[in-house]
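1. give me a 3D structure for the following:
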Amino acid sequence: MNPITAVPDGELYDANNDPRILTLRTRAKSLCFDYNAIRPGEDHARLAILQQLLGTCGKGIIIEPPFWCDYGSLIHVGDNVYANHNLVILDGAPVTIGNHVFIAPNVGIHTAGHPLDAARRNQGLEFAKGVTIGNNVWIGASAVLLPGVTIGDNSMIAAGSVVNRDIPPGVVAAGNPCRVLRPIIAADAQRTRF
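-> So this is what the prediction gives:
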């Protein structure tokens, strides 16, 4: 069960009219606002807000502002994670980010989706499915991760990719929709481009 929505992942819930959900979202937006307003160099103040906002906050985490999320409490971040500017995480379901993950600018991690039919969409109904990012993953600039995907350990997602299905461990993946291009091999230790 999803602690924010009190429904199983993938089930519809009312994200726009449920007072409890609105209260939780307002709290997160306020903390994000405060986080984004902190002056450069005040790393301790930023970390203190992340520790209030996120469900789990590992050691050595850096999220460059601006950063926005829906609830925060469903985001679990491992150790030594770096996220560049303009990270948006819509965490209506759990988002798990492993250790040693690099996230480039303008990345969106979206657990929320909407019904295909306009009548239910117009009622404010949505669903959410969790997103998991393994250890040692690099997410390229302006990539979008859609509801329910898992990215395996040691993989790289190229800039501009739209990830709509699981990506296995140890591969380079790219495109819209994102697909595996090739495995990461020993010779990649000498390359600067893929």
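
2. need the three-state assignment for the closest residue to G124 other than its chain neighbours.
-> Closest residue to G124 apart from its sequence neighbours, by C-beta to C-beta, 6 or more residues apart in numbering: N16 at 3.3 Å. Every residue, glycine included, has its C-beta placed from N, CA and C. What DSSP: H, G, I helix; E, B strand; the rest coil gives for N16 is coil.

3. and N16, what pLDDT?
-> Looking at N16, its pLDDT reads 85.

4. how close does it get to A37?
-> 26 Å (C-beta to C-beta, to the nearest Å).

5. so F127 belongs to a helix, correct?
-> No - read with three-state DSSP, F127 is strand and lies in no helix.

6. for beta bridges, what are the partners of it?
-> G113 (DSSP bridges).

7. go through this protein and flag its longest helix.
-> Looking across the chain with DSSP state H, the single longest helix is helix 19-37.

8. was I right to think the residue nearest to G124 contacts H114?
-> No - counting by C-beta atoms under 8 Å, N16 does not reach H114; the two are 10.9 Å apart.

9. low-confidence stretches in this protein?
-> Counting by pLDDT under 70, the ranges of the chain that qualify are 1-7, 193-194.

10. so the residue nearest in space to the middle of it is in which element?
-> The residue lying closest to the centre of the chain (C-alpha atoms, centre = their mean) is I109, at 3.5 Å. Per DSSP states H and E, I109 falls inside strand 108-110.

11. quick one: contacts of that strand?
-> The contact list for strand 108-110 (C-beta atoms under 8 Å, 6 or more residues apart in numbering) reads 87-91, 95, 131, 133, 143-147.

12. show me what the residue nearest to the centre of the chain bridges to in the sheet.
-> Beta-bridge pairing of I109 under DSSP bridges involves I89, L145.

13. gap between it and I61?
-> 15 Å.

14. list the contacts of stretch 68-78.
-> 2-4, 24-25, 27-29, 31-32, 53-58, 61, 87-101, 111-112, 135.
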